[in-house]
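Build the 3D model from these lines:
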Amino acid sequence: MDVQVPFTADDVARTRFAVSPMWEVVTSFRLLTRPSAPAPYPRWAARVRPLVRSAGLDRGRLADLVPPDGFLADLLTPLPATAFPTLAEELAAIRATDPEHLVEDLDALVADGRVPAARLAPLRADPAATLAQVADEAARYWEIALAPWWSRITTVLEADVFQRARSVAGLGAAHVLNELHESVSWDEGSLNLVRRSCKVTRQGAGAGLVLVPSVFLRDRVLTRTTPPDPPQLAYPALGAGTVWEPRPTGQLDALAAVLGRSRALLLAELDSPASTTQLAQRAGLTAAGVSQHLTAMRDAGLVSAHRAGRSVLYARTVTADALVGPQA
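Now for the predicted structure:
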């Protein structure tokens, strides 16, 4: 169905952008439920899916609230309090959710026909415990699936926000709204959304609109309308595909002269997050030697470490990406 959402001048004035870790949790989690990940996500999905299954997150409470399609629980995407809320802040908001909101989301999931009522019945028994479990699972999922890539993800999301904010200043909010996605348009005081499966309304909602870029929304937008909060609209971020592109290694010789050949090679191998064992196999080094190099580079801010079940995955930081440099 097509939806026309009326906006006042005050709503337009209060429209803002936000980067939300929980929106990336739900959009990426939903993407993993597809039988095969579309471009540009196959390499990411191939690495993450086994870890998610091993942790049991594909059959936990988070999976109950994020079906493969249709309505997903609004409580998972609380209103961003700032332009760049932390994951901890959003998880705290989930844990503090009114139990009635959880029940409403469960009712909506059943009504949408995507999740059997019997499967959701245990979630109703103890809402406070359910909310705590959902937040804990979201934190574990983030550490496994997003944390190793987070510096790249946030670079893209922040760039999208800053670019669109400049467009608002120079061209106006209407111009930016018309460029978010082909299914979104602004016309004579209304935001028009086409082919919507979920209801979007301003009735009882707060003033304004929160626009949230996501690197996992390739071909659609998602909305959240939970009065008294203002509506949220998540849209595909500009340059999202660059998160998953292999990083070029044209300056390794110069980098090796500073860091040493082994550390330069390890940075090159960290094109995507990997464990100590994986890096040792790829680089032809001992696991003990790799561990020492990684510790030194982590202390220097060149790599970050993220626990994924029993393993620890290492990832290049944005600083290291800049040092590795463009391909010659």
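
which regions of this protein lie under the pLDDT threshold?
1-4, 188, 195-205, 246-251, 325-328 (pLDDT under 70).

rerun at 50
Scanning the chain for pLDDT under 50 picks out 327-328.

Mark out where each domain of this protein begins and ends.
3-240, 252-324 (automatic domain parsing).

Dump those to CSV, plus mean neighbour count.
(C-beta placed from N, C-alpha, C; glycine too.) Below are those laid out as CSV (neighbours: other Cβ atoms under 10 Å):
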stretch, mean neighbour count
domain 3-240, 18
domain 252-324, 17
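
Could you tell me the end-to-end distance of stretch 5-22?
25 Å (Cα to Cα, to the nearest Å).

Can you give me the distance of the residue lying farthest from the centre of the chain to residue 263?
With distances taken as Cα atoms, centre = their mean, the residue sitting farthest from the centre of the chain turns out to be residue 257, at 36.7 Å. From residue 257 over to residue 263 the distance is 11 Å, taken as Cβ to Cβ, to the nearest Å.

can you list residues touching both of these two?
Shared contacts of residue 257 and residue 263 (Cβ atoms under 8 Å, 6 or more residues apart in numbering): none.

mind listing the helices in the stretch 51-200 of the chain by residue range?
Using DSSP state H, counting those that start in this stretch, the helices of the stretch 51-200 of the chain run over 61-65, 87-95, 99-112, 117-125, 127-141, 150-171, 173-179.

can you put those helices in a markdown table and add distance to residue 217?
Formatted as a markdown table, the helices of the stretch 51-200 of the chain follow (distance: least, Cβ to Cβ, whole Å):
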| stretch | distance to residue 217 |
| --- | --- |
| helix 61-65 | 18 |
| helix 87-95 | 18 |
| helix 99-112 | 19 |
| helix 117-125 | 25 |
| helix 127-141 | 17 |
| helix 150-171 | 11 |
| helix 173-179 | 15 |
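
Quick one: closest of those to residue 279.
helix 150-171 (18.0 Å; Cβ to Cβ).

Against which helices or strands is the closest one packed?
With contacts taken as 3 or more Cβ pairs under 8 Å, 6 or more residues apart in numbering; DSSP states H and E, helix 150-171 sits against strand 16-17, helix 173-179, strand 210-214, helix 318-324.

For residue 286, which of those is the nearest?
helix 318-324 (21.9 Å).

Tell me if I'm right that residue 209 and residue 233 touch.
Yes: counting by Cβ atoms under 8 Å, residue 233 is a contact partner of residue 209 at 6.4 Å.

Now do residue 176 against residue 278, distance only.
From residue 176 to residue 278 the distance is 42 Å (Cβ to Cβ).

no wait, residue 158
29 Å.

before we move on, what about residue 162?
For residue 162, the distance to residue 278 - Cβ to Cβ - is 35 Å.

Also residue 305?
Taken as Cβ to Cβ, the span from residue 305 to residue 278 is 14 Å.

what does residue 223 give?
39 Å.

For residue 144, which of the helices and strands packed on helix 150-171 is the nearest?
That would be strand 210-214 among these, by Cβ to Cβ, at 18.2 Å.

The closest one: partners in the sheet, and parallel or antiparallel?
strand 16-17 (parallel), strand 232-236 (parallel) (DSSP bridges).

Distance from the first one to the middle of the chain?
This points to strand 16-17. Its chain's C-alpha centre lies 17 Å from the corresponding centre of strand 16-17 when counted by Cα atoms, centre = their mean, to the nearest Å.

C-terminal to that strand, which secondary structure element comes first?
helix 21-32 (DSSP states H and E).

what does that following helix contact?
37, 41, 45, 48-49, 52, 58, 62-63, 66, 68-69, 72, 76-78, 85-87, 90-91, 94, 138, 141-142, 145-146, 153, 212, 214-217, 222, 234.

so what's residue 38 closest to, chain neighbours aside?
The spatially closest residue to residue 38, leaving aside those adjacent along the chain, is residue 218, at 6.3 Å (Cβ to Cβ, 6 or more residues apart in numbering).

which ones are touching the one you found?
38, 40-41, 236, 240.

So for residue 231, what's the nearest residue that isn't a sequence neighbour?
residue 225 (4.8 Å).

right, and residue 152 touches residue 320 too?
No: applying Cβ under 8 Å as the test, residue 152 and residue 320 come out as separate, 11.0 Å apart.

in the stretch 201-328 of the chain, which spans are strands?
Counting by DSSP state E, counting those that start in this stretch, the stretch 201-328 of the chain has these strands, from start to end: 210-214, 222-224, 232-236, 303-308, 311-316.

now those strands as TSV including distance to residue 15?
TSV is the format used below for the strands of the stretch 201-328 of the chain (distance: least, Cβ to Cβ, whole Å):
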stretch	distance to residue 15
strand 210-214	7
strand 222-224	14
strand 232-236	10
strand 303-308	34
strand 311-316	34
